[in-house]
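> Provide a 3D model corresponding to the input given below.
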Amino acid sequence: MVGEAIATLPVQQPRPTRSLAESPVGASWRQHECFIGVSARITELKEFVSAQAALSQPVLLIGERGLRQEQVARALHQASERRERPFFAVNAHGLTDDALDHLLFGSRGAMEAIKCGTIYINELIGLPAFAQQRLAVYFEEQRSPRAIRRAAGPRLVFATDDDNAERTAENRLAFGLAEQIRSSSFRLKPLRERSEDIPFLVGHLAARIADRLGKGAHEITPKAMDMLMVYEWKRNIDELEAVLESAIANTPPPRIDETLLPGRVRHATLRLIPPDGVDLPRIVDDYERSIIETALRQTSGNQTKAAQLLGMRVQTLNMKLKRFAELNRPLTNLPS
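The predicted structure follows:
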């Protein structure tokens with residue numbers, strides 16, 4: 001029965017495997033942002049991937065969005081004996097209930113087609129009720145001795161931020177499934193809790209972005225780096241990469257200083273007013289300029305739609321854009 005599937009899955013014993021340094025993923029840690037850094041949590045993540053690579057049980061990655069959980073799942077797949085089999089990532093956030101049902105459980109769906117590969121699902125707690133029920137049945141089937149011996153079916157890797165999820169009748173099964181695999185889970189820390197990793201991430205991302213844009217190597221000034229380390233990064237690595245890409249796209253090498261950072265990053269250090277005071281009008285202008293720039297990028301430069309997003313008349317938006325131009329501070333990196 002589905003209800004019985006909430007019992008804990010048997011814990012598997014590791015099969016003999018190569019050390020992580022000898023595995024395909026061991027030689028390529030630096031290709032994945034999720035492993036870049038020097039904090040203890042990064043070391044623990046690498047050890048977790050190494051240990052789980054020898055197993056076939058489901059894995060749960062707990063953490064906020066933007067921490068590149070899919071990269072962890074791919075690394076785990078590449079380090080395992082399943083590496084020659086398919087890896088399939090499911091973006092549950094972007095699918096309707098029917099589309100998700102067809103993709104996972106329909107004829108020729110992933111649960112049947114992937115066989116001995118790996119399926120990554122970027123949400124567990126928020127899955128529709130039907131998907132929770134289907135997965136509960138699948139988990140129960142995997143508890144059979146025959147399935148354990150043969151490691152039958154695809155390996156499942158889930159991501160979730162259950163700290164921010166409310167337990168309801170609709171997600172009861174999902175919380176139960178999460179508890180089942182809690183013994184093979186890992187909690188990824190957000191960037192704001194491991195600021196010592198940020199300089200290493202910045203160097204890695206800046207080099208990759210510059211190469212993708214066909215630009216030379218960039219270096220970050222100490223003051224700019226201090227600001228990057230203080231900012232809270234609510235969207236974690238995704239937000240950090242977006243900020244760096246904007247800065248690199250708008251300046252020639254070799255230096256990125258604080259003036260190229262968005263106002264929200266530059267002024268994140270204002271926990272106290274410094275003794276020599278602040279230029280409040282400039283701070284307000286910077287913040288307003290940053291918000292307007294975001295709205296215009298989001299609407300592909302359509303001022304009418306951007307004004308609607310900002311809750312103002314398009315004439316008011318035009319006046320603000322003209323004022324920034326007159327101040328020799330026009331908006332940059334906007335769609336043409």
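
> for this protein, just list every one of the helices.
Per DSSP state H, the chain carries helices over the ranges 40-52, 69-79, 97-105, 110-113, 129-142, 145-150, 172-180, 198-212, 222-230, 236-249, 263-266, 280-298, 303-310, 314-326.

> and the last one, which residues are buried?
So that's helix 314-326. Neighbour-count burial for helix 314-326 flags 317, 320-321, 324 (criterion: 16 or more other CB atoms under 10 Å). Heads up, the C-betas are built off the backbone N, CA and C, glycines and all.

> could you say what helices and strands that helix packs with?
Where contact means 3 or more CB pairs under 8 Å, 6 or more residues apart in numbering; DSSP states H and E, helix 314-326 is packed against helix 280-298, helix 303-310.

> looking at the ones you listed, which has the lowest confidence?
When these are compared by mean pLDDT, helix 280-298 comes last with a mean of 81.

> now that helix, how far from the centre of its chain.
25 Å (CA atoms, centre = their mean, to the nearest Å).

> find the least confident helix or strand in the protein, judged by mean pLDDT.
Every helix and strand of the chain was ranked by mean pLDDT, DSSP states H and E. The lowest is helix 145-150, at a mean of 55.

> spatially central residue for this protein, please.
Centroid-nearest residue in the chain: residue 66, 2.3 Å away (criterion: CA atoms, centre = their mean).

> isn't that residue up against residue 241?
No: in this structure, residue 66 is not within contact of residue 241 by CB atoms under 8 Å, at 9.0 Å.

> mind listing what the lengthiest strand in the chain pairs with, with the direction of each?
Counting residues, the longest strand in the chain under DSSP state E turns out to be strand 155-160. Applying DSSP bridges, strand 155-160 is found paired with strand 59-62 (parallel), strand 118-121 (parallel).

> tell me the average confidence for the first one?
Read it as strand 59-62. Here the average pLDDT along strand 59-62 is 96.

> now what about that strand, what contacts it?
Defining contact as CB atoms under 8 Å, 6 or more residues apart in numbering, one finds that strand 59-62 is touched by 52, 69, 72-73, 76, 124, 155-163, 178, 181-182, 184-188.
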